[in-house]
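A.B. asks: The amino acid sequence is not available; the structure is as follows:
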Ligand code: PMP
């Protein structure tokens, strides 16, 4: 297996990181005339803490890691992009992805001129471990696994994830954006065990903070140091850090939201399964449902005309005639179902 030093792009390994005066000095200070801020103002006139120490302190107990193992970014999308730039040389290296899966892995790869080698999931939306491991070569640096997977909604078997982490000679990223809706354990438990593992989580889904843009990469301290080296110095703004810190003081709302969303998800499953054009509702460990229907495009268009936007995934590999529906509020789901029932009555049996 290659060492971290062998996997990192040499230019990243050798580059010097941006250093701010505030991280250079040691000790206590009361007057800061180092960063050309407007010193007259008193709120939001200062740059944020580049390493978000206070916020990370509040996150530590949630993920049972210490802050040296936590990177915070402008959404987990930032972490996806930084991973590619740390490990893959444009025009030369490759990533492995398992479609159908989250679209940003491919977008970020394209943006950075990195080849994306796709090894499709099987009919149960599980990885074909042997095929994935057979596809690796000296150019494949990162394997992206999304669990629960978007857009299919299922957990990837933990056993298969572990086989991939053990067998892949590179960085394995497990994207757990939807993990809080799942009953399966998080792969964070393996961070101490596998030096090539990076787990992504986000505050955009169960935490209800998509608008503030906050995501995280969790990994061993050596990998987190690389993130800190390449990230824009002030990538998480003061408003975001403050708001998230406030929300983390009381976890009751978070827990209640998750419980309510899961109840609504089950209700939606019951209701959707009674519709005659619904062929299949895929098992979901997330806050959305993938359903196979007759004539997905028509249903999608019909809902748009009703002012309801869902995600048409019917052109995606292995998602023929599939629609992805986010679990809404009780009221939103009721309107959706009312419209779908009305649509159902218009089609011939
Ligand atoms: N991973 C997955 C699987 C997602 O579905 C999303 C958002 N749709 C993200 C990552 C990105 O999340 P964010 O940038 O909001 O943290």
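C.D. replies: Good, I have the coordinates. Just so it is clear, the model here is predicted, and its values are computed rather than measured.

A.B. asks: can you give me the strands for the stretch 1-150 of the chain?
C.D. replies: Using DSSP state E, counting those that start in this stretch, the strands found in the stretch 1-150 of the chain span residues 70-73, 94-97, 115-118, 140-146.

A.B. asks: quick one: the residue lying closest to residue 156 once chain neighbours are set aside from residue 123, how far?
C.D. replies: Of all residues beyond its chain neighbours, the one nearest residue 156 is residue 147 (3.8 Å), with distances taken as C-beta to C-beta, 6 or more residues apart in numbering. Every C-beta, even on glycine, is put in place using the N, C-alpha and C of the backbone. Per C-beta to C-beta, to the nearest Å, residue 147 is found 17 Å from residue 123.

A.B. asks: again with residue 138
C.D. replies: Applying C-beta to C-beta to residue 138 and residue 123 gives a distance of 31 Å.

A.B. asks: Which residue of these two possesses the greater neighbour count?
C.D. replies: residue 138 (11 against 7; other C-beta atoms under 10 Å).

A.B. asks: least trustworthy helix or strand in the protein by mean pLDDT?
C.D. replies: When the helices and strands of the chain are compared on mean pLDDT, DSSP states H and E, helix 21-24 comes out lowest with a mean of 76.

A.B. asks: residues near the closest residue to residue 187 other than its chain neighbours, how many?
C.D. replies: Across the structure, with C-beta to C-beta, 6+ apart as the measure, the residue nearest residue 187 apart from its sequence neighbours is residue 174 (4.5 Å). Applying other C-beta under 10 Å, we find 25 other residues in the vicinity of residue 174.

A.B. asks: Pretty sure residue 174 sits in a strand.
C.D. replies: Yes: according to DSSP: H, G, I helix; E, B strand; the rest coil, residue 174 belongs to a strand.

A.B. asks: ok, it touching residue 194?
C.D. replies: No: under the criterion of C-beta atoms under 8 Å, residue 174 makes no contact with residue 194, lying 10.2 Å away.

A.B. asks: if I pick residue 52, what's in contact with it?
C.D. replies: Taking C-beta atoms under 8 Å, 6 or more residues apart in numbering as the definition of contact, the neighbours of residue 52 are 72, 236, 241.

A.B. asks: ok, of those residues, which one's closest to residue 179?
C.D. replies: residue 72 (16.9 Å; C-beta to C-beta).

A.B. asks: What's the local residue count around that closest one?
C.D. replies: The number of residues packed near residue 72 is 25, by other C-beta under 10 Å.

A.B. asks: Mind listing the residues bridging to it?
C.D. replies: Using DSSP bridges, the beta-bridge partners of residue 72 come out as residue 216.

A.B. asks: and it, what does it touch?
C.D. replies: With contacts defined as C-beta under 8 Å, 6+ apart, the neighbours of residue 72 are 52, 55-56, 59, 214-216, 235-236.

A.B. asks: Ok, residue 166 next?
C.D. replies: residue 194.

A.B. asks: and it, what pLDDT?
C.D. replies: As predicted, residue 166 sits at a pLDDT of 98.

A.B. asks: Name the residues of the host helix or strand of it that are buried.
C.D. replies: Following DSSP states H and E, the helix or strand that holds residue 166 is helix 158-167. Within helix 158-167, the residues that qualify as buried are 158, 160-165, 167, counting by 16 or more other C-beta atoms under 10 Å.

A.B. asks: which of these lies closest to the ligand?
C.D. replies: residue 161 (14.6 Å; C-beta to the nearest ligand atom).

A.B. asks: Can you give me the distance of the closest one to residue 117?
C.D. replies: If you measure residue 161 against residue 117 using C-beta to C-beta, the figure is 18 Å.

A.B. asks: And residue 93, by the same measure?
C.D. replies: Residue 93 sits 11 Å away from residue 117, going by C-beta to C-beta.

A.B. asks: No further questions, thank you.
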